[in-house]
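Colleague: I would like to see how this sequence folds:
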Amino acid sequence: MKYIAIFAGLALVAGCATTEEVAVDTTEPVMEKVGYAAGSQQDLEVNAGHRVFFGYDQYSLSAQAQATLQKQAEWLLNNPTVAVQLAGNADERGTREYNLALGARRAEATKAYLVSLGVPASRLRSVSHGKERPVAQGSNESAWSQNRNSTTTVANVAG
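Modeller: Residues are numbered from 1 along each chain as shown. Here you go, the predicted model:
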């Protein structure tokens, strides 16, 4: 109704003699408006988020990471045929072996939290990419903080 009042006010300012209410259908799901399917990677990213971040040399989940994972768990429970991959990542500092192990701990922490929220473990596969797949380029804290993550990717439809 607020928008109708604004529209009416603009119509009066513009010199129109009458105002007219315009009906807007807000019941249509967002996914149909933007063109992606329920249970898709894009649906996950838009409606739940697909990445959680970690502190330097850490694999414990922050409150912000837990909030994102709670949204992911709800999304997964609402899309029961979807399986996902949880990929643990690290920044460029440290050896390849160390970062692979750290990435694995990050992915496993993510998986354990989703399972604790009721998501069946059979729908979750954890992997580690270590420092091999950075999302941000650069050798500075801004890039490093983005690369210390666990990324959730729709892997397939569970059957």
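Colleague: for stretch 138-158, give the mean pLDDT please.
Modeller: Mean pLDDT, stretch 138-158: 93.
Colleague: swap in stretch 119-129?
Modeller: So the average pLDDT for stretch 119-129 ends up being 98.
Colleague: distance between it and the chain's centre?
Modeller: Between the centre of stretch 119-129 and the centre of its host chain there is 16 Å, according to C-alpha atoms, centre = their mean, to the nearest Å.
Colleague: start at 25, not 1
Modeller: Got it, first residue is 25 now, which makes that one stretch 143-153.
Colleague: quick one: terminal-to-terminal distance for it?
Modeller: 23 Å (C-alpha to C-alpha, to the nearest Å).
Colleague: so for it, what gets flagged as buried?
Modeller: With burial defined by 16 or more other C-beta atoms under 10 Å, the residues of stretch 143-153 counted as buried are 143, 147-153. All C-beta atoms are positioned from the backbone trio N, CA, C, and that covers glycine.
Colleague: where does the chain dip in pLDDT?
Modeller: Flagging of the chain using pLDDT under 70 yields the residue ranges 25-58, 181-183.
Colleague: now the residue sitting nearest the centre point of it: how far from Leu93?
Modeller: Of all residues in the chain, the one closest to the mean position by C-alpha atoms, centre = their mean is Gly73, 1.2 Å from it. Gly73 sits 9 Å away from Leu93, going by C-beta to C-beta, to the nearest Å.
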